[in-house]
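[1] need a structure here:
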Amino acid sequence: VLVLAVPRDFDPAIARCRGVYLYSVDDLQETCNRNRAERDREIPKAERIVRKSAERFIRDHNHRRSGAVIRQLREQWGTIKDSELGRLFNKLPDLDEKDRNEIRYAFERMLGKCLHPPLKSLRDESEKGVPHKLLDALALLFQLRDEK
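    Predicted coordinates for the structure are as follows:
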């Protein structure tokens, strides 16, 4: 049986009876203070968890946003490459398949070498957590669509 009373309306000697546990409001306050102190000791741990989760979320968000720009740049430049290869092959109809493959390979390597520096910069900035300025600049320079 649990009995709460404020002010106390029974004799404190009842605590000496077998099976009776007597707690005063002061006892409850002490328990509350102890519990609060235990929770307060856990605050730094909770803050670290929140900070790490927020950092991971921001890093993942930046990575996804960077990925969209990288994909668009590769698609855009790949389309240009394919168009120019088609134009070249139409002007040189006598090329055999080996020569065409060598030219395709050269174009692909050139495209990779042209894209490598800006994409590396974008990845590096994403890892630092602040790629938005670079993303905005690339989107503006290369007229990329926003994929939010």
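
[2] for this protein, which helix or strand comes out least confident on mean pLDDT?
    When the helices and strands of the chain are scored by mean pLDDT, DSSP states H and E, helix 132-141 comes last with a mean of 82.

[3] mind listing residues that contact it?
    62, 65-66, 69, 73, 118, 121-122, 125, 144, 146 (CB atoms under 8 Å, 6 or more residues apart in numbering). Backbone N, C-alpha and C define where each C-beta goes, glycine included.

[4] please repeat the previous calculation with a cut-off of 10 Å.
    62, 65-66, 68-70, 72-73, 118-119, 121-122, 124-126, 131, 144-147 (CB atoms under 10 Å, 6 or more residues apart in numbering).

[5] show me the helices in the chain, by range?
    In the chain, the helices defined using DSSP state H lie at 25-91, 97-128, 132-141.

[6] the longest one: how far from the chain's middle?
    Centroid separation between helix 25-91 and its chain, computed with CA atoms, centre = their mean, to the nearest Å, is 1 Å.

[7] what helices and strands are in contact with that helix?
    helix 97-128, helix 132-141 (3 or more CB pairs under 10 Å, 6 or more residues apart in numbering; DSSP states H and E).
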